[in-house]
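1. using only what follows, build the 3D model:
(2 chains)
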There are 2 protein chains.
Amino acid sequence: MQVRDIFVSAPGKAILHGEHAVVHGKVALAVSLNLRTYLRLKVTTTGKVCINLPNIDTFHCWDLSELRWLIHNFSGKTRSQRLDAELVKRLREFVGATNGNLDTCSMATLSFLYIYISLFGSGELPSLTLTVWSELPTGAGLGSSAAYSVCLAAALLCTSGAIPVPLKEWDHTARWCQEDLELINSWAFQGEMIIHGNPSGVDNAVGTWGGMLRFLAGKIIPLSRVPLLRILLTNTKVPRSTKVLVARVKDKINKFPSIMTPVLDSVDAVSCTCEKVLSEMTCEPITGEHYNILEELIDINQHHLNVMGVGHPALDMLCQVTLAKGLHSKLTGAGGGGCGITLLRPETDSLVVQGTVQDLRDCGFDCWETSIGGPGVQQHSPLSVKEEILEILNRD
Amino acid sequence: MQVRDIFVSAPGKAILHGEHAVVHGKVALAVSLNLRTYLRLKVTTTGKVCINLPNIDTFHCWDLSELRWLIHNFSGKTRSQRLDAELVKRLREFVGATNGNLDTCSMATLSFLYIYISLFGSGELPSLTLTVWSELPTGAGLGSSAAYSVCLAAALLCTSGAIPVPLKEWDHTARWCQEDLELINSWAFQGEMIIHGNPSGVDNAVGTWGGMLRFLAGKIIPLSRVPLLRILLTNTKVPRSTKVLVARVKDKINKFPSIMTPVLDSVDAVSCTCEKVLSEMTCEPITGEHYNILEELIDINQHHLNVMGVGHPALDMLCQVTLAKGLHSKLTGAGGGGCGITLLRPETDSLVVQGTVQDLRDCGFDCWETSIGGPGVQQHSPLSVKEEILEILNRD
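-> The predicted structure is shown next:
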């Protein structure tokens, strides 16, 4: 046992540019969203495994004997990076998530048990309590399940000794080396597979590496350096179905190929131009013109997404309200409602920010001031965890 | 002398699709706008030439002797289709429109005198009174000057006997044959050259032929048959400079070539798709789906025009107000304010139309219910001229 008490966190994800176009072979840029999921794992001597997920009102405690029974006859070969269908089936029965029951609570429980048993099933099962608190809304396309899976993977891998604890005594936060991140990411991806069935792998990659990723034709390339950008994240809370929206775009491309194909090409060029500008911002002095271009790209892409038919009056409202304050917004993710991002400039006054947040809340939206491009999964000293979150993680 | 009293009218022009893109070698569709300019020409025995242009508060009467003096030593060779620079210079001095004075009143006067003297200068100058009334706002990019020039050309050519009077006793309106229309158009183009310096020729072609024209790389092709479409025409009255807007689009293309080039291609495809749908509507039963597509094309192009940077909050407002009534709008012409068109469906209830017009007027806009695709220049019997217009034309 390498660790008795560990705090980790992982960021959410936003699509900066290229949502929908990515389905049609174009580049998308996924960025870490600094609304984070925090996890505390405490090794205990209670003989119990407890998980507390207060965001989704899910609390479980199992006796180790129950879990031991669950893995009797278990081969313990799940360290390979493919999902063990037999184990998943057994766990589904155990948590009662059979027959297409895919509710968030069951999936989160299943995902934990899968990684826990995969890592410890062939040896001694540790007694532990795990508490998770997330700043991310669930089901909003912001990678909350991936942030959870990444935290689970990092904490459980540390507990198993498969990866070291990176935090030195004097550190507030610390990250793992590339090789360890690969391992965290691959286990997080298994958690995502349990939760989503057929995930793209983008969300867990962003949760693991942070910063920005280029996603093209199924290939995920972490971009070495990107600047941290202040944003507002707004959830219009208009419910939408990603599947329906993806189908709508496809139908429109089939209906008007000569009109829509160039629009996808233009979105591709927006992503590539944005990537170039962000890379310039890390190696030359950042100017107002850099931000002007980022704003222009946001406006252009928002219009293109409207052309694709994935806009929504609530998103128009978001763009209008922020533009009235001189700020530029676009939808992020599937569209048709859901979330939008608003770029804040370095010089944007905090009074303007507060006023904009208030205006957006007055529209009935949820709104957070946060940033994109920040670090991926990291270990925290308790001191580096915000007090209100620490309080939640320290309960029980 | 072929005619002693003639009423003619010519339509305005709207760009249905392709504004700005046409500057970069893409197709534009120009359509006749059934807000018309009406002209009455009465041959008199007063020995005077009088023009009354009440829209622009311009009223002139010249003794024939003044005009005769003006053309002494005049070669009378202006029947060729090129502008006679010497005559223009002499006329500019006569009306006091020298040194870059380009106000609408002077230009309208100059345009009349040029065509009048060109057609009659080598023979006897007729004594006449000419009154013009237009439903078109001036300087709004709706081809008001071209409609004026077309009316002038048609009426003066009839008076000179160069073209026949097409109206039969029992007709309400009548049009000229192709050859006569060519002659009207070429003289109207000379009027436009005097007013605008370097016109594209689209406006006078639409005023002459009506219907719809395809405009590509300087070539103007009248499209044989198009359906008459009911629209609202809205003037936001936000002043704008076409020159500045054209430069803005060019700058954006230079700044983001990989992003903007496909947008122009997409606009081109919008124009071509629209042309195809309109042509289908003239040879097969018109369905709701035809109108659905026309609406989708309007929405797509409006987004593209916003991407080009020629949108305006007043135009966004126009789109929003009409969409609230289920109607689709786009800017027409230069954008950055100016005018927009809203498609009305055949089944759109007149109460909805009236409500929309009222909502738009409440925004401070001017708004007319009219149609596009109607006839070009035509002769009228007095009975076929709306009473309020007839009253104006019969004053003096």
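
2. any part of the longest helix seen in chain A near chain B?
-> Assignment by DSSP state H gives helix A:257-283 as the longest helix of chain A. Yes: contact of helix A:257-283 with chain B (C-beta under 8 Å from any C-beta of the partner chain) involves A:Ser258, A:Ile259, A:Met260, A:Pro262, A:Val263, A:Asp265, A:Ser266, A:Ala269, A:Val270, A:Cys272, A:Thr273. C-betas here are computed from N, CA, C, even on glycine.

3. count of residues packed around the residue in the stretch 51-200 of chain A positioned nearest to chain B?
-> Nearest to chain B in the stretch 51-200 of chain A, going by C-beta to the nearest C-beta, is A:Gly141, at a distance of 22.5 Å. Neighbours of A:Gly141 under the rule other C-beta atoms under 10 Å in any protein chain shown: 22.

4. right, and it touches A:Gly340 too?
-> No: A:Gly141 is beyond contact range of A:Gly340, at 11.0 Å (criterion: C-beta atoms under 8 Å).

5. just how off-centre is the longest helix of chain A within its chain?
-> 23 Å (C-alpha atoms, centre = their mean, to the nearest Å).

6. now swap in stretch A:212-229 and tell me
-> On the basis of C-alpha atoms, centre = their mean, stretch A:212-229 sits 14 Å off its chain's mean C-alpha point.

7. A strand includes the residue of the stretch 51-200 of chain A closest to chain B, no?
-> No: assessed by DSSP: H, G, I helix; E, B strand; the rest coil, A:Gly141 does not belong to a strand; its assignment is coil.

8. what parts of chain A come near chain B?
-> Within reach of chain B by C-beta under 8 Å from any C-beta, chain A has these residues: A:256, A:258-260, A:262-263, A:265-266, A:269-270, A:272-273, A:296-297, A:299-300, A:303-304, A:306-307, A:316, A:320.

9. and the strands in the stretch 101-250 of chain A?
-> Here the stretch 101-250 of chain A has its strands, by DSSP state E, counting those that start in this stretch, at A:128-134, A:173-174, A:212-216, A:219-223, A:229-235.

10. worst average pLDDT in those?
-> Of all those, strand A:219-223 carries the lowest average pLDDT, namely a mean of 91.

11. could you dump stretch A:369-388 to CSV, C-alpha only?
-> Provided in CSV are the C-alpha atoms of stretch A:369-388 (Å, rounded to 0.1, in the frame of the first residue of the first chain):
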residue,chain,number,x,y,z
GLU,A,369,-16.5,32.2,-14.4
THR,A,370,-13.7,29.8,-15.1
SER,A,371,-10.8,29.1,-17.5
ILE,A,372,-9.9,26.7,-20.3
GLY,A,373,-6.5,25.2,-21.1
GLY,A,374,-5.6,24.5,-17.4
PRO,A,375,-3.8,21.4,-16.0
GLY,A,376,-5.2,17.9,-16.3
VAL,A,377,-5.4,15.4,-13.4
GLN,A,378,-3.4,16.4,-10.4
GLN,A,379,-2.7,15.5,-6.8
HIS,A,380,-3.5,18.1,-4.2
SER,A,381,-2.3,18.9,-0.7
PRO,A,382,-5.4,19.4,1.4
LEU,A,383,-4.4,23.1,1.6
SER,A,384,-4.7,23.5,-2.1
VAL,A,385,-8.3,22.3,-2.2
LYS,A,386,-10.9,25.1,-1.9
GLU,A,387,-12.3,25.2,1.6
GLU,A,388,-15.9,24.5,0.7
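
12. show me what the residue of the stretch 1-150 of chain A found nearest chain B is bridged to.
-> Nearest to chain B in the stretch 1-150 of chain A, going by C-beta to the nearest C-beta, is A:His17, at a distance of 10.8 Å. Beta-bridge partners for A:His17, by DSSP bridges, are A:Leu29.

13. among the residues of helix A:257-283 next to chain B, name the buried ones.
-> Those of the residues of helix A:257-283 next to chain B that meet the buried threshold are A:Ile259, A:Met260, A:Pro262, A:Val263, A:Asp265, A:Ser266, A:Ala269, A:Val270, A:Cys272, A:Thr273, by 16 or more other C-beta atoms under 10 Å in any protein chain shown.

14. got JSON lines for the residues you listed, with pLDDT and distance to B:His24 too?
-> JSON lines is the format used below for these (pLDDT from 0 to 100; distance: C-beta to C-beta, whole Å):
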{"residue": "A:Ile259", "pLDDT": "98", "distance to B:His24": "17"}
{"residue": "A:Met260", "pLDDT": "98", "distance to B:His24": "20"}
{"residue": "A:Pro262", "pLDDT": "98", "distance to B:His24": "13"}
{"residue": "A:Val263", "pLDDT": "98", "distance to B:His24": "17"}
{"residue": "A:Asp265", "pLDDT": "98", "distance to B:His24": "16"}
{"residue": "A:Ser266", "pLDDT": "98", "distance to B:His24": "14"}
{"residue": "A:Ala269", "pLDDT": "98", "distance to B:His24": "16"}
{"residue": "A:Val270", "pLDDT": "98", "distance to B:His24": "19"}
{"residue": "A:Cys272", "pLDDT": "97", "distance to B:His24": "22"}
{"residue": "A:Thr273", "pLDDT": "98", "distance to B:His24": "19"}
